[in-house]
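A.B. asks: Build me a model from this:
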Amino acid sequence: ATMDGPSDEPVVVPLTRELSFNELAEDEHSEGVPDTPGRQHTPEAHDAATTTAPEGDELAQTSATIVPSTPPAQEGEGAGSSSPQPSEPDAGEQAETPIPAESAATTEQHEKTIEVHVGEGDDARVIAVTIVPSASRKPFLGGFRSKKSGTEFHNASSQTPRRVRAPRNELFHRQTQTVQTSSGTTNQQQTARTAATQMTTPGCFVPSVYDRTLVPRPYETAADRQRRVLEKIIILQTYWRRWLAKRRVAALRDVRHRFAAWKQTEIERKLQADEAERARNVNRRVHPTQRQDFDMLLNSIQTWRTEQQDLIATLPDSAQAQAKADLQRQEMRYLTAVERLRHMARVENKEVSVQTFLDKAAEPRQWTDKMYNKVNTMETPAITRARLLRDQYKALQMEDLTREERMAVLETIRATVKPHEARVTKEILELIEREELLLRRGTKSDSLEGLRKRTLNLFLQFCETPEYNPEAARLLKVHQTFSADVRLCSGCGRFLANKAFDAAPTAHTLGRCRSCSRVQNAATARVDLSPYEALLQRLQQEESSRSEPSRLCFLMSGDDVHILVDKIWANRSALSQHAEMHHLTLTRWNTSEPWAPWNCLLVTQDEAAIHATLEDPERAYADALVNRVHQRFAQARMQFRRLAAQDEVFPEAAA
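C.D. replies: Down below sits the predicted model:
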């Protein structure tokens, strides 16, 4: 509200309380204005102005314009024509809201002037207040409606325009540096929590059980506090770093324990592998069944003979002749025992091969249906015939049969063989009749052993004939006719296929076949090639698993690996001088280049795994070792010069 006093400047008049509408106006037609302006608002008085003067606030917060009282003569001239001109608003006041032009006539007709009595006694004054209703309807900005009376209550911003705060330029003013409290003082002494301080008085006893005596502490300066805080920080950091150190030590201890457990497991695994390898070698010596087993026996005899010859060389000349004769006789006994074991193994292997042949002929045809991922089987009349012959052969092979059971088996064989007219069938029928006659006479089974073997061999010949067993045609080896891929063996004088010869890189021609080479090895050098063949197999498997395998290792044989390992690398690891053949392997020296005899290193399997992680072995190893390895590479190029020439002429075939 603005008051025009004796002077032309507007005067701000503070109100000591809220003025009700009945005190501001005496007009009977001004109904609907709420009793508490600024807090509630009814729909009937939505456009009416509100005049509130809370304590400590200014009259500029209201929308009423206060003008000095005018004479009655001026009042009769009309409220619309006597509306005073608003003065310039102060920094803390708000300028009057302009009235739109289209609603000027309506505003002039509804303007009302009331008199307000301010002060008491000599200071009492009468102020004329002109009420200008708003022509526009203010937007609804929130509120609530009473369910009992239906009165709508709006917030203050929907009834009173906001006060524009003047910018504060003097930020260094005292008001910006001092906190104003509710008591008006800068030092507030009231505690945040109110506590009772009643004392013991006559008629009122206050127990002192939970009383405490407060003693003032020593005064602490800012430097002392900073020093104390720093000490506490150091203590916290000490415990934190101690916890970090304990966790790291625990992690390292766990790694050490796991490494020790892994190391112990590896040691036990290697010991078990060595023990299994030793047991397998002993079993191979006691019960040899394969060619490699007999090569190992002959190699052991040759090693024993070399040791005995060294011992004989230390004897006097008169005793050496007798010692050499005894050594020769002992060697002959060992070789005879080996040949006896070879014959027994040949018989067992033949029986196993016969059983395998009959089982394969009786197996049904199988194929996998890729659409349904199912294995389908099919039996043909030829497969049924092969199964029948297999069962009859097994029954004919049985020994623990009574006379009646044996007669029944022979009758079954006669029914199977009799429909076919051939020389082998006639012999089988004659042998069956002879055995039946001897069985009727009560001949013992031991006396019939030779006859039964002849019958069994002839029946096996009958089963292997494709005319009587069609499934045997796909399992028997077909004799090849003479062609360009057939060579003459200089040892045995037979014409054999090229696959029966070893195309060794160190050989110039295909001289002897594998069988003649083994016979020559058993008669002269007696070298056990099984460890070198196993080493070659490991090398080929390793190269096959690489993205760019080398083909040179697939052109080498066991003899070539024996030359490479024995003559060039001396059967020892180039790094640790380990001599166990089942622990050694041939790995690449430079992993970025293909494997070749001049790019390989003989090391153990553990050393090969570490060597594979090296990017440049020339810088990783000592110069002496590198020079020695390059010397071995030069020897390998000279020994396998044919492979070296092939590598230079056809690099894509050898890489």
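A.B. asks: and the helix or strand in which Leu335 is found, what does it pack onto?
C.D. replies: Assigned by DSSP states H and E, Leu335 belongs to helix 317-362. Packed against helix 317-362 by the contact rule (3 or more CB pairs under 8 Å, 6 or more residues apart in numbering; DSSP states H and E) you find helix 291-313, helix 381-397. C-beta coordinates here come from the backbone N, C-alpha and C atoms, glycine included.
A.B. asks: which residues sit against the first one?
C.D. replies: Read that as helix 291-313. Residues outside helix 291-313 that contact it (CB atoms under 8 Å, 6 or more residues apart in numbering): 281, 284-285, 288, 320, 323-324, 327, 331, 334-335, 338, 341-342, 345, 518, 521-522, 525-530, 533.
A.B. asks: one more time with 6 Å, if that's ok
C.D. replies: 284, 288, 320, 323, 327, 331, 334, 338, 342, 522, 526, 528, 530 (CB atoms under 6 Å, 6 or more residues apart in numbering).
A.B. asks: separation between the fourth one and Gln309?
C.D. replies: Pointing back at Ala323 there. With the distance defined as CB to CB, to the nearest Å, Ala323 ends up 9 Å from Gln309.
A.B. asks: Those two: which has the busier surroundings?
C.D. replies: For Ala323 versus Gln309, neighbours defined as other CB atoms under 10 Å are more numerous around Ala323 (16 against 13).
A.B. asks: Run a quick neighbour tally on His578.
C.D. replies: His578: 17 neighbours (other CB under 10 Å).
A.B. asks: Apart from its neighbours in sequence, what residue is nearest it?
C.D. replies: Thr604 (5.2 Å; CB to CB, 6 or more residues apart in numbering).
A.B. asks: Next one, pLDDT for that neighbour please.
C.D. replies: Per-residue pLDDT puts Thr604 at 92.
A.B. asks: Who are the contact partners of it?
C.D. replies: Counting by CB under 6 Å, 6+ apart, Thr604 touches 573, 578, 583.
A.B. asks: Equivalent analysis for Glu548, please.
C.D. replies: For Glu548, no residue counts as a contact, taking CB under 6 Å, 6+ apart as the criterion.
A.B. asks: Let me see the confidence value for it.
C.D. replies: Looking at Glu548, its pLDDT stands at 84.
A.B. asks: Number the chain from 14, please
C.D. replies: Yep, numbering from 14; the last one is Glu561 now.
A.B. asks: Could you report the distance from the residue nearest to His591 to Thr425?
C.D. replies: Between Thr617 and Thr425 the distance, using CB to CB, works out to 60 Å.
A.B. asks: Enumerate every residue touching Cys526.
C.D. replies: 502, 509, 513-514.
A.B. asks: now do 7 Å
C.D. replies: Residues in contact with Cys526, defined by CB atoms under 7 Å, 6 or more residues apart in numbering, are 502, 504-505, 509, 513-514.
A.B. asks: try Val639
C.D. replies: Contacts of Val639 were listed using CB under 7 Å, 6+ apart, and they are Glu631.
A.B. asks: Can you verify it is assigned to a helix?
C.D. replies: Yes: remark: Val639 belongs to a helix, assigned using DSSP: H, G, I helix; E, B strand; the rest coil.
A.B. asks: Do you know the pLDDT at it?
C.D. replies: For Val639, the model assigns a pLDDT of 92.
A.B. asks: likewise Val578?
C.D. replies: The score at Val578 is 92. That number is its pLDDT.
A.B. asks: separation between it and Arg293?
C.D. replies: For Val578 relative to Arg293 (CB to CB), the value is 21 Å.
A.B. asks: just to revisit the earlier point, what angle do the helix holding Leu348 and helix 394-410 make?
C.D. replies: Counting by axes from the mean of the first three to the mean of the last three CA atoms, to 10 degrees, helix 330-375 points 130 degrees away from the direction of helix 394-410.
A.B. asks: Over helix 330-375, what's the mean pLDDT, rounded is fine.
C.D. replies: Taken as a whole, helix 330-375 has a mean pLDDT of 91.
A.B. asks: strands paired with the helix or strand following it, and their directions?
C.D. replies: Later in the chain than helix 330-375, the nearest helix or strand by DSSP H and E is strand 378-382. Sheet pairing for strand 378-382, assigned by DSSP bridges, gives strand 387-391 (antiparallel).
A.B. asks: Report the angle between the top helix by length along the chain and helix 330-375.
C.D. replies: Criterion DSSP state H: the longest helix present in the chain is helix 235-299. Between the axes of helix 235-299 and helix 330-375, defined by the same axes, to 10 degrees, the angle is 100 degrees.
A.B. asks: counting contacts, what elements does helix 235-299 pack onto?
C.D. replies: Here helix 235-299 touches helix 304-326, going by 3 or more CB pairs under 7 Å, 6 or more residues apart in numbering; DSSP states H and E.
A.B. asks: residues of the helix it packs on that come out buried?
C.D. replies: Of the residues in helix 304-326, those buried under the neighbour-count criterion (16 or more other CB atoms under 10 Å) are 304-315, 318, 321, 325.
A.B. asks: got it, and stretch 413-432?
C.D. replies: Buried-residue list, stretch 413-432, by 16+ other CB under 10 Å: 419-420, 422-423, 426, 429-430.
A.B. asks: Please apply the same query to stretch 547-563.
C.D. replies: Of the residues in stretch 547-563, 548-549, 551-553, 555-556, 562-563 count as buried by neighbour count, 16+ other CB under 10 Å.
A.B. asks: In CSV, could you pull the C-alpha coordinates for that stretch?
C.D. replies: Included here for stretch 547-563 are C-alpha records, laid out as CSV according to Å, rounded to 0.1, in the frame of the first residue of the first chain:
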residue,chain,number,x,y,z
ALA,A,547,57.4,-92.7,-30.5
LEU,A,548,59.4,-89.4,-30.6
LEU,A,549,58.5,-89.0,-34.3
GLN,A,550,54.9,-89.6,-33.5
ARG,A,551,54.9,-86.9,-30.8
LEU,A,552,56.5,-84.5,-33.3
GLN,A,553,54.0,-85.2,-36.0
GLN,A,554,51.1,-84.7,-33.6
GLU,A,555,52.5,-81.4,-32.4
GLU,A,556,53.0,-80.2,-36.0
SER,A,557,49.5,-81.3,-37.0
SER,A,558,48.0,-79.1,-34.2
ARG,A,559,49.8,-76.0,-35.5
SER,A,560,48.1,-73.6,-38.0
GLU,A,561,51.0,-73.9,-40.4
PRO,A,562,52.5,-77.4,-40.0
SER,A,563,55.7,-78.6,-41.5
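A.B. asks: tell me the pLDDT at Pro102?
C.D. replies: Pro102 carries a pLDDT value of 40.
A.B. asks: Oops, could you answer that again for Thr55 instead?
C.D. replies: According to the model, Thr55 scores 43 on pLDDT.
A.B. asks: and what of Thr189?
C.D. replies: 51.
A.B. asks: now swap in Glu128 and tell me
C.D. replies: Looking at Glu128, the pLDDT reads 85.
A.B. asks: Tell me the secondary structure of it, please.
C.D. replies: Using three-state DSSP, the secondary structure recorded for Glu128 is strand.
A.B. asks: List the contacts of the nearest residue to Glu440 once chain neighbours are set aside.
C.D. replies: In this structure, Glu440 finds its nearest non-sequential neighbour in Leu471, 5.5 Å apart by CB to CB, 6+ apart. The neighbourhood of Leu471, defined by CB under 7 Å, 6+ apart, consists of 437, 440-441, 444.
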